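Asks: Pasting a predicted model and its sequence here:
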Amino acid sequence: MSTRSIVPFGPQHPVLPEPIHLDLVLEDEKVVEAVPSIGFVHRGLEKLVEKRDFNDYVYIAERICGICSFMHGMGYCEAAEHIMNVEVPERAKYLRTIWCEMSRIHSHLLWLGLLADAFGFESLFMQSWRLREKILDMFEYSTGGRVIFSVNKIGGQRRDMPDDMIRDFLSIFDGMEQELKTMAATFLEDYAVNTRLRGVGFLTEQQAHDLGAVGPFMRASGIALDTRKKGYAAYPNIEFEPITSTVGDCYARTDVRIHEIFQSIDIIRQAAAKIPQGEVAVPVKGFPNGEYMMRVEQPRGEAVYYLKANGTRFLDRVRVRTPTFANLPGMLETLKGCQLADVPILILTIDPCISCTER
Amino acid sequence: MNVFSFSKTTLKNLFSAPATRPYPQQPRQYPERTRGHVEIDIEHCVFCGLCSRKCPADAIRVDRAAGTWSIERFGCIQCSYCVDSCPKKCLSMKQTYTAPAPEKSVDTYQKKPAAPAKEPEAAPKGENEHA
């Protein structure tokens, strides 16, 4: 047996802008074990709910994460609406679906760029982020913010999208889909990219199930689960099937995410065709009393919001289980037996969001 | 699997316009809905303090006695919750962002007193010294 050595990875690492620290136990170049430590960016956002009006907390919930900010705000609002028995107008539900899917495209494009950057393909990284910029512009046109949108409120949406704006967006998506196809060809068929992704970081279906993996990380291992199928916002009226792969390596995760971008564009088209006219918000009176557990499918996987209210302005407790937290055990499993040079790519393929995880 | 799969994009980029904008020479055109900073029409403000109570970041201070409305420019998170809740609709969201600065600034707006004779009642002498 060769000598074991420990190499620290992070909390500052070029491949990942967020702080996660791993102690990698190595035998020569092979990783035997990875010991994680997190807690560098804890902000106490869950505790803050005790001091903030439950309506104000929507803006704090959005700031849990900069990528899935819309879905964090929406998850919190939907949970509060369930407690207060508020029926959101149909148009608001469709708007939520459209913005959710735009967030997913934006998150996956960001991730594809980071992945390209991790294996040293700078120009592919720039192409991904050039496309992502169009989504950010669309967000700014429709919500007024590029990253933090502040359009959710308990009882509906704060802004409406006029029909001509939705039509403009659809034509942008048509052009974008063509560019995406060209870019996807490089990710999925290029020889150099394939050598970095194929056969690296296997997670079997059984492991994904046992370790409680979520999102594209789980679906790439063959489990066809998607919380959107459980039905929230306007998803019950949208036809789609979860995208899966049975391989379970880094290539499969890339493949699943790329196809999810195309699926999101399709969902937006369906939602735009079905969106009804009408109000986007209903007035909400009184204070919530009770508890509810809301599950939403974020770009990285399933997020769980638990709200406990006591009939006053201030909630008793908000708990958020973020997808990255659920994916960490799976990631540690895939790290075992990999080469040191593959560690950054492996960590990236779960699409980690550490500020979500630590809140 | 193929090689040179990116060459098409490379060639296209060689003969197309840049995706970026030469920033200081060509300033950005903001969309209509951009939330840049909050502005107040102080003459219509009634100092009810609703914006201050609603603000999730505690960035707004309203002093009814002194007739001032102040905002911490770098504390504001541009959620426009105050704009929505203002009963007199004297708050509005403007598209330009607050310029970067070496120090965090507080902008204070003072309402012109309607009748100068009433001023001593509104702000009694010595109150500011204790504050």
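Replies: Cool, the structure landed. Being a predicted model, the structure only gives us computed values, none of them experimental.

Asks: how close does the residue nearest to residue A:15 when sequence neighbours are not counted sit to residue A:22?
Replies: Of all residues beyond its chain neighbours, the one nearest residue A:15 is residue A:344 (3.9 Å), with distances taken as C-beta to C-beta, 6 or more residues apart in numbering or on different chains. Every C-beta, even on glycine, is put in place using the N, C-alpha and C of the backbone. Per C-beta to C-beta, to the nearest Å, residue A:344 is found 11 Å from residue A:22.

Asks: Strands along chain A, start to end?
Replies: Secondary structure of chain A (DSSP state E): strands at A:4-9, A:21-27, A:30-37, A:152-153, A:156-157, A:289-298, A:301-310, A:315-321.

Asks: one step back: state the distance from the residue nearest to residue A:15 to residue A:84.
Replies: Residue A:344 sits 45 Å away from residue A:84 when distances are taken as C-beta to C-beta.

Asks: From residue B:69, how far out is the residue nearest the centre of chain A?
Replies: Nearest to the geometric centre of chain A sits residue A:299, at 2.6 Å (C-alpha atoms, centre = their mean). Look at residue A:299 and residue B:69: by C-beta to C-beta, they are 40 Å apart.

Asks: residues making contact with the helix or strand bottoming out on mean pLDDT in chain A?
Replies: Counting by mean pLDDT, DSSP states H and E, the weakest-scoring helix or strand in chain A turns out to be helix A:354-358, with a mean of 83. Identification of contacts with helix A:354-358 by C-beta atoms under 8 Å, 6 or more residues apart in numbering or on different chains yields A:18-20, A:38-43, A:64-66, A:68, A:300, A:303, A:320, A:322-325, A:328.

Asks: Same question for stretch A:209-219.
Replies: With C-beta under 8 Å, 6+ apart, stretch A:209-219 has contacts from A:203, A:207-208, A:221, A:223, A:225-226, A:242-245, A:253, A:256-257, A:260, A:297-302, A:323, A:326-327, A:329-331, A:333, A:349-351.

Asks: Now do the nearest residue to residue A:226 once chain neighbours are set aside against residue A:208, distance only.
Replies: Leaving aside its chain neighbours, residue A:226 sits nearest to residue A:242 (3.9 Å; criterion: C-beta to C-beta, 6+ apart). Between residue A:242 and residue A:208 the distance, using C-beta to C-beta, works out to 13 Å.

Asks: So which of those two has more stuff around it?
Replies: When residue A:242 and residue A:208 are compared on other C-beta atoms under 10 Å in any protein chain shown, the one with more neighbours turns out to be residue A:208, at 24 against 18.

Asks: Skipping its backbone neighbours, what lies nearest that one in space?
Replies: The shortest distance from residue A:208 to any residue other than its chain neighbours is 3.9 Å, reached at residue A:221 (C-beta to C-beta, 6+ apart).

Asks: Quick check: the one you found touching residue A:207?
Replies: Yes: in this structure, residue A:221 sits in contact with residue A:207. The criterion is C-beta atoms under 8 Å, and the distance is 7.3 Å.

Asks: Tell me how far residue B:74 lies from residue B:83.
Replies: Where residue B:83 is concerned, residue B:74 sits at a distance of 18 Å (C-beta to C-beta).

Asks: For the two, indicate the residue with more neighbours.
Replies: More neighbours sit around residue B:83 than around the other of residue B:74 and residue B:83, counting by other C-beta under 10 Å; the figures are 19 against 14.

Asks: Please name the residues that touch the more buried one.
Replies: Counting by C-beta under 8 Å, 6+ apart, residue B:83 touches B:38, B:91, B:92, B:93.

Asks: How about stretch A:80-100 and chain B, any contact?
Replies: No: applying C-beta under 8 Å from any C-beta of the partner chain, one finds stretch A:80-100 separated from chain B by no less than 13.4 Å.

Asks: Report the rounded mean pLDDT for that stretch.
Replies: Rounded to a whole number, the mean pLDDT of stretch A:80-100 is 90.

Asks: Low-confidence stretches in chain B?
Replies: Low-confidence segments of chain B (pLDDT under 70): B:114-131.

Asks: Sketch out the helices for it, chain order is fine.
Replies: B:7-14, B:50-54, B:81-85, B:119-122, B:127-130 (DSSP state H).

Asks: Pull out the buried positions in the longest one.
Replies: Buried positions in helix B:7-14, judged by neighbour count with 16 or more other C-beta atoms under 10 Å in any protein chain shown: residue B:9.

Asks: Quick check: bridge partners of the residue nearest to the spatial centre of chain B?
Replies: Here the mean C-alpha position of chain B is nearest to the C-alpha of residue B:37 (C-alpha atoms, centre = their mean), at a distance of 2.2 Å. Per DSSP bridges, residues listed as beta-bridge partners of residue B:37: residue B:94.

Asks: Quick one: residues contacting it.
Replies: B:73, B:76, B:78, B:93, B:94, B:96, B:97, B:98.

Asks: which of the residues you listed count as buried?
Replies: Among the contacts of residue B:37, the ones that count as buried by 16+ other C-beta under 10 Å are B:73, B:76, B:78, B:93.
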